[in-house]
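>>> Dropping a prediction and its sequence here:
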Amino acid sequence: EDEVGAKHSGLVMDFYKESCPQAEEIIREQVKLLYKRHKNTAFSWLRNIFHDCAVQSCDASLLLDSTRRSLSEKEMDRSFGMRNFRYLDTIKEAVERECPGVVSCADILVLSARDGIVALGGPYIPLKTGRKDGRRSRADLLEQYLPDHNESISSVLDKFSAIGIDTPGVVALLGSHSVGRTHCVKLVHRLYPDVDPDLNPDHVPHMLKKCPDPIPDPKAVQYVRNDRGTPMKLDNNYYRNILDNKGLLQVDHQLAYDKRTRPFVKKMAKSQDYFFKEFSRAIAVLSENNPLTGDQGEIRKQCNAVNKLH
Ligand code: HEM
Ligand SMILES: [Ca+2]
Ligand SMILES: [Ca+2]
């Protein structure tokens, strides 16, 4: 076991030191450039690490497009609202220009999340590399690993604990909802026909204004920002919001009221340092979940499709 308590994963620091020494630097530069032009792509990099790594393995299965034989994870309801995948392709192309066929999409996904967290004002988290890319979609397993927005805290804690993430780790990871947005389809059940009494009445008019229809057109881009206070910053304002009954999702609200999670919520609301420390630890564990290494998997040429076998 290493300092984060993770099993030996076969991953190492700076895996590409010999084979592509510039890899991490190229990714960092691309993230900076892309972030300058499209601030919200950083939300996507952060959400990606959860949706790829928590689903059995950090194997870039999330990035695969549907084929005639299998449905992509991206198209499942749990992935609702995921966006900006094309910017990961931009990063991959930049890395391929320097070192063709060497750096996996799974590592690019993880490192872009790491650098995206920094762009959002979060901590710099040293992460290992050496992941290979998987060859199949895990759409069929999505619901087993990714909790729904209205799931109970018990079930959320169970799902995370199955991949080695403890209660403070879960509380810290949910702090990601300090940035980004939630579409009205995931919120209207708390507004119509009756307003959920758990919601802070001061927050309700804003939510109703942003989500005026009980049945939103799923194609319309109607959403509420997750954190009205500091929507672009990954900070501990999320914890103050949920303690103030301004959490958008039911899981966000429950996190502040369940007796197992509330003490950590209060501590993170008080201390950004404590939030960052637990967040860094949990991201590291998440990033090492069950990777493909060595002879397993492949280095995809394009992140949205498996390589053709000759
Ligand atoms: C119980 C666990 C979780 C649930 C049920 C959940 C659910 C959701 C939902 C429903 C949305 C709104 C999507 C939309 O309408 O566009 C969302 C957004 C987001 N989630 Fe989570 N999430 C969870 C945990 C996490 C974790 C662990 C992370 C990161 C490590 C994360 C990162 C994000 C980010 C960054 C957004 C904003 C995305 C954007 O603006 O494009 N979430 N989440
Ligand atoms: Ca995966
Ligand atoms: Ca914030």
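That came through, no problem. Ligands and ions are numbered 1, 2, ... in the order given.
>>> C-alpha only now, for contacts and for neighbours.
OK.
>>> Which pLDDT value belongs to the residue nearest to residue 305 when sequence neighbours are not counted?
Take residue 305 and drop its neighbours on the chain: the residue closest to it by Cα to Cα, 6 or more residues apart in numbering is residue 64, 5.3 Å away. pLDDT for residue 64: 98.
>>> Kindly report the residues of the stretch 51-200 of the chain close to ligand 3.
Applying Cα under 5 Å from the ion, one finds that the stretch 51-200 of the chain approaches ligand 3 through residue 178.
>>> which residue does the stretch 51-200 of the chain bring closest to ligand 2?
Closest to ligand 2 within the stretch 51-200 of the chain is residue 52: 3.8 Å, counting by Cα to the ion.
>>> does that residue really touch residue 73, like I thought?
No: between residue 52 and residue 73 there is no contact under Cα atoms under 8 Å: 9.2 Å.
>>> which residues do these two both contact?
Common neighbours of residue 52 and residue 73 are listed as 61-62 (criterion: Cα atoms under 8 Å, 6 or more residues apart in numbering).
>>> Just the closest residue of the stretch 1-150 of the chain to ligand 3, please.
Closest to ligand 3 within the stretch 1-150 of the chain is residue 120: 8.9 Å, counting by Cα to the ion.
>>> average model confidence for stretch 168-187?
97.
>>> How far does that stretch stretch from one end to the other?
This stretch, stretch 168-187, spans 26 Å end to end (Cα to Cα, to the nearest Å).
>>> Can you give me the buried ones in it?
168-173, 175-187 (16 or more other Cα atoms under 10 Å).
>>> again with stretch 229-242
230-242.
>>> Stretch 67-86 too?
71-74, 78-79, 83, 85.
>>> Report the contact partners of the residue most central in space within the chain.
Residue closest to the average C-alpha location in the chain (Cα atoms, centre = their mean): residue 47, at 2.2 Å. When contacts are counted by Cα under 8 Å, 6+ apart, residue 47 touches 82, 113, 176.
>>> quick one on the thing from earlier: tabulate the buried residues of stretch 67-86 (JSON lines), appending pLDDT.
Below are the buried residues of stretch 67-86 laid out as JSON lines (pLDDT from 0 to 100):
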{"residue": "71", "pLDDT": "95"}
{"residue": "72", "pLDDT": "97"}
{"residue": "73", "pLDDT": "98"}
{"residue": "74", "pLDDT": "97"}
{"residue": "78", "pLDDT": "96"}
{"residue": "79", "pLDDT": "97"}
{"residue": "83", "pLDDT": "96"}
{"residue": "85", "pLDDT": "97"}
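>>> Now flag whichever of those residues is closest to residue 130.
Comparing the buried residues of stretch 67-86 against residue 130 with Cα to Cα places residue 85 closest, at 21.4 Å.
>>> Contacts for stretch 166-180 next, please.
So stretch 166-180 is contacted by 40, 43, 46-47, 157, 160-161, 225-227, 230-239, 252, 255, 260-261, 264-265, 268, 275-276, 278-279, 281-283 (Cα under 8 Å, 6+ apart).
>>> So what would you say the end-to-end distance of that stretch is?
Start to finish, the residues bounding stretch 166-180 are 24 Å apart (Cα to Cα).
>>> Check whether it comes close enough to ligand 1 to count as a contact.
Yes: using Cα under 6 Å from any ligand atom, stretch 166-180 reaches ligand 1 at 173-174, 176-177, 179-180.
>>> Just those residues: which are in strands?
Among these, no residue falls in strands (DSSP state E).
>>> State the pair within those that is farthest apart.
173 and 180 (14.0 Å).
>>> Please report the distance of residue 260 from residue 55.
From residue 260 to residue 55 the distance is 24 Å (Cα to Cα).
>>> The two: which is more packed in?
residue 55 (25 against 16; other Cα atoms under 10 Å).
>>> Assumed the more buried one was part of a helix.
No: read with DSSP: H, G, I helix; E, B strand; the rest coil, residue 55 is coil and lies in no helix.
>>> Am I right that it is in contact with residue 142?
Yes: using Cα under 8 Å, residue 55 is in contact with residue 142, at 6.2 Å.
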